[in-house]
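J.: Take a look and give me a structure for this.
(chains A and B)
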2 protein chains.
Amino acid sequence: MSTPEAPGARTARPGAGLRVLGVDPGLTRCGIGVVDVAADRRATLVAVGVVGTKADEPLDARLLAIAQAIDEWLDRHEPEVVAVERVFSQLNVSTVMGVAQASGVVIAAAARRGIPVALHTPSEVKAAVTGSGRADKDAVTRMVTKILRLETAPRPADAADALALALAHAWRGSAPGSPSAAGRTTAMQATALTAAQRLWQEAEAKARRGR
Amino acid sequence: MSTPEAPGARTARPGAGLRVLGVDPGLTRCGIGVVDVAADRRATLVAVGVVGTKADEPLDARLLAIAQAIDEWLDRHEPEVVAVERVFSQLNVSTVMGVAQASGVVIAAAARRGIPVALHTPSEVKAAVTGSGRADKDAVTRMVTKILRLETAPRPADAADALALALAHAWRGSAPGSPSAAGRTTAMQATALTAAQRLWQEAEAKARRGR
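T.: Coordinates of the predicted model:
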């Protein structure tokens, strides 16, 4: 396996807008989704999938599988930015360790290629795609399916979450009330976006600092 | 930066015994130490250092610095095995996330090269080098200094911890009561090693499974 040099100037994709690769990190299921998002917020699915590793595999083999998969996805899709779920401690302790280790591998893989990495909290992502920071997984999957105009919902939920992350990142700078791709920007959603955007801007500023 | 292919058969180092690279993972200070350990447990320092990153740097830059340093150390020293501290949740939550992310990067770097990774708990390591699983950092540093016949103690503690990890791993298969390099195998130490060895064997079996 080789880790190629980061390509210099990325080739522009005229009209395709911003290409974001979202990752919902995890050892058992690591969701990966790529979307192109136009200036008018219209989003198009590029690819989505899940890298799975088995709990009885040794940790190094599991992390290697994730590293190789991420390398492959970055090479194939050349995203302008990688959005990764910010790991929190609410999960149970043994789970959170694996999630954090997987996220470390993903973030380092992007950084090796010089691709900016943005971290977003689950509630920022939920707010961005559903209008509520407390939406459940089904609601996120439904909205992702609708926003990307898919015929069938991305499964498992980790795959939908990865797409939601990518969408949330691409939309972070949109003015509240600008038409969403799903055409369902309600007042509540606009408010949620305003709050979420403040968080994004802070996270973005943090992520950019020193770059 | 490039990540070279894993070399095939590693060059033998006649008489040098087992070369172990130990890592005490962390974002702020990541200790790295390399030792050669002979069949009679006599251990020799090869190299020791610390990779430091600043808390105000973005996470991707911090993880990249650690990934690049580990790549460099693996290329330069070609260890037969990498021993990494098993991350626990006793630490405070924000610290443990960074430690887990850094350890993920280190483990994946070794796995990319086909170098086996072993995880050891802090108490296994303390027991191996001091005879007590509850030794403090100063005691670990003192014993590492003595075992490796160093004129000055490795600083900071993270560097000494990385060496202790490497030593503990190299010694994991020694019969209890076999002469330690420090010549101080007490009855208590032998007992501690016996218990620790059981844990090591389990950890080893787990790490090897499926390889």
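
J.: my guess is residue A:141 contacts residue A:157, does it?
T.: Yes - at 6.1 Å, residue A:141 and residue A:157 qualify as touching, with contact defined as C-beta atoms under 8 Å. Any C-beta I mention is one placed from the backbone N, CA and C, and that applies to glycine too.

J.: okay, these two: which has more neighbours?
T.: residue A:141 (23 against 20; other C-beta atoms under 10 Å in any protein chain shown).

J.: Now do the spatially closest residue to the more buried one that is not a sequence neighbour against residue A:24, distance only.
T.: Residue nearest to residue A:141 in three dimensions, not counting chain neighbours: residue A:160, with 4.1 Å by C-beta to C-beta, 6 or more residues apart in numbering or on different chains. As judged by C-beta to C-beta, to the nearest Å, residue A:160 and residue A:24 stand 9 Å apart.

J.: Please enumerate the shared neighbours of the two.
T.: Shared contacts of residue A:160 and residue A:24 (C-beta atoms under 8 Å, 6 or more residues apart in numbering or on different chains): residue A:31.

J.: if we can go back for a sec, the residue nearest to residue A:141 contacts residue A:150, correct?
T.: No - here residue A:160 does not reach residue A:150: they are 9.7 Å apart, not a contact under C-beta under 8 Å.

J.: what's the overlap in contacts for the two?
T.: residue A:144.

J.: More neighbours: which of these two?
T.: Taking neighbours as other C-beta under 10 Å, residue A:160 and residue A:150 compare with residue A:160 leading, 27 against 14.

J.: Report all helices and strands that the strand or helix carrying that one contacts.
T.: Taking DSSP states H and E as the definition, residue A:160 sits inside helix A:157-171. Packing partners of helix A:157-171 (3 or more C-beta pairs under 8 Å, 6 or more residues apart in numbering or on different chains; DSSP states H and E): strand A:18-24, strand A:29-37, strand A:43-52, strand A:81-85, strand A:117-120, helix A:122-130, helix A:137-147, helix A:187-208.

J.: Can you give me the distance of residue A:84 to residue A:38?
T.: Distance of residue A:84 to residue A:38, computed by C-beta to C-beta: 23 Å.

J.: Those two - which one has more neighbours?
T.: Comparing residue A:84 with residue A:38 by other C-beta under 10 Å, the one with more neighbours is residue A:84, at 25 against 14.

J.: so where is chain A shaky, pLDDT-wise?
T.: Across chain A, the ranges flagged by pLDDT under 70 are A:1-16, A:89-94, A:173-211.

J.: Ramachandran angles for the most far-flung residue of it relative to its centre?
T.: Distance from the centre of chain A peaks at residue A:56, with 27.1 Å (C-alpha atoms, centre = their mean). For residue A:56, the backbone dihedrals (degrees, to the nearest 10) come out as phi -90, psi 0.

J.: any idea how far it lies from chain B?
T.: Noted for residue A:56: a distance of 7 Å to chain B, by C-beta to the nearest C-beta, to the nearest Å.

J.: And residue A:153, its phi and psi?
T.: Residue A:153 adopts backbone torsions of phi -70, psi 140, taken as degrees, to the nearest 10.

J.: Can you tell me the closest non-neighbouring residue to it?
T.: residue A:145 (4.5 Å).

J.: which ones are touching the one you found?
T.: A:152-154, A:160.

J.: By neighbours, which of those wins?
T.: Among those, the one with the most neighbours (other C-beta under 10 Å) is residue A:160, at 27 neighbours.
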